[in-house]
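Peer 1: Take this sequence and fold it.
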Amino acid sequence: MTDLNLLQYLFDVQGYLVVENALSRAEVAQLNRLLDGQQLPEPGHTQRFGSAPDGSGFLAWGQPFVNLLDHPRIMPILRFRLGDCFRLDRIYGMCMSQGMGRGRLHADYGATANNARTQQGEYVPFRDDQIYNGFVVVTWCLSDSGPGMGGFCCIPGSHKSNYKLPQQIDEAPDEAACVIIPEAPAGSAILFTEALTHGTAAWQAVHQRRSLLYKYCVSHMAWTSRRVQPPADSALTPRQQILFRDPADPHTHFPSLFEESLAA
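Peer 2: Model (predicted):
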């Protein structure tokens, strides 16, 4: 069994993956220095920064943020979840200080989502990339997170549930054994399907939480009618340019991201 086959199995079973050492210490330090240069306000009631659509968000803050769009450690994983044709749908950063409370558990697709009863489209190009499973989030961890610290939390396997999240878990996730906070050292990439029931655990660590979220979807889907705009001062590779395209039918009106000419 190859490493990629193992990752595919674990992603399918768990609904998420933690890829440790996806970024080097030098890359993490560089991204943190660029964030320091933005002089972001101390996290308080809001914990997001650099959001897009509506502009380029934090992609405009330096080439290292652009380089994460199609980082070689994540592209093979995105490919077996989303196929050859997918696009960037949204981005934002998250910053938390010690004592900040949790966010509510939620899923954007599946039984718990608001759109659970929406009729699925007639055309589904890949077997398991249906409307409840066509979005994948990549969270780049720029600081350590995990049990005893906080950060990303989820209910493993919940992306396959046919039932809504029970009220007692929704109201008290800290007391539910099924809700876990995976260990994710700085430099890790956490990938998860938006059908997974997930959220943000209260931040307990002394150091600040810093994460960058890149949200991808199959090419014919969209979360919103607005689009992330390419950063004006960054040089995009042909593959990165495709990620900014409008939604379109895969292979017919939206090209593969994995042609040999794009992979370099």
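
Peer 1: hey, let's count contacts and neighbours off CA atoms from now on
Peer 2: OK.

Peer 1: got the phi/psi numbers for the nearest residue to Met94 once chain neighbours are set aside?
Peer 2: Distances taken as Cα to Cα, 6 or more residues apart in numbering place Arg48 nearest to Met94, at 4.6 Å, with adjacent residues excluded. With angles defined as degrees, to the nearest 10, Arg48 shows backbone torsions of phi -100, psi 150.

Peer 1: how many neighbours does Arg48 have?
Peer 2: Using other Cα atoms under 10 Å, Arg48 has 16 other residues around it.

Peer 1: Tell me how far it lies from Ala202.
Peer 2: 15 Å (Cα to Cα, to the nearest Å).

Peer 1: So for stretch 155-173, what gets flagged as buried?
Peer 2: Across stretch 155-173, burial judged by 16 or more other Cα atoms under 10 Å covers Ile155, Pro156, Gly157, Ser158, His159, Lys160, Leu165, Pro173.

Peer 1: Over to stretch 242-262?
Peer 2: Residues of stretch 242-262 classed as buried: 242-248, 250, 254-258 (neighbour count, 16+ other Cα under 10 Å).

Peer 1: got the contact list for that stretch?
Peer 2: 84-88, 125, 219-222, 227-230, 237-239, 263 (Cα atoms under 8 Å, 6 or more residues apart in numbering).

Peer 1: Report the contact partners of Gln240.
Peer 2: Contacts were defined as Cα under 8 Å, 6+ apart; by that measure Gln240 touches Leu69, Asp70.

Peer 1: Name the spans of the stretch 151-264 of the chain whose pLDDT lies under the cut-off.
Peer 2: Where the stretch 151-264 of the chain drops to pLDDT under 70, the residues are 260-264.

Peer 1: Strands along that one, start to end?
Peer 2: Under the criterion DSSP state E, counting those that start in this stretch, the stretch 151-264 of the chain contains strands at 151-154, 189-193, 198-201, 209-218.

Peer 1: any chance you could map the helices in this protein?
Peer 2: Ranges of helices in the chain, per DSSP state H, are 3-14, 25-37, 63-67, 75-82, 167-171, 238-243, 260-263.

Peer 1: Which other helices and strands does the second one contact?
Peer 2: With contacts defined as 3 or more Cα pairs under 8 Å, 6 or more residues apart in numbering; DSSP states H and E, helix 25-37 has these neighbours: helix 63-67.

Peer 1: repeat that for 10 Å
Peer 2: When contacts are defined as 3 or more Cα pairs under 10 Å, 6 or more residues apart in numbering; DSSP states H and E, helix 25-37 sits against helix 63-67, strand 209-218.

Peer 1: That one to strand 209-218, inter-axis angle?
Peer 2: 100 degrees (axes from the mean of the first three to the mean of the last three Cα atoms, to 10 degrees).

Peer 1: Likewise for the fourth one?
Peer 2: On the basis of the same axes, to 10 degrees, helix 75-82 is oriented at 50 degrees to strand 209-218.

Peer 1: and helix 75-82, what's its mean pLDDT?
Peer 2: For helix 75-82, mean pLDDT rounds to 93.

Peer 1: Give me the buried positions along that helix.
Peer 2: Within helix 75-82, the residues that count as buried by 16+ other Cα under 10 Å are Met75, Pro76, Ile77, Leu78, Phe80, Arg81, Leu82.
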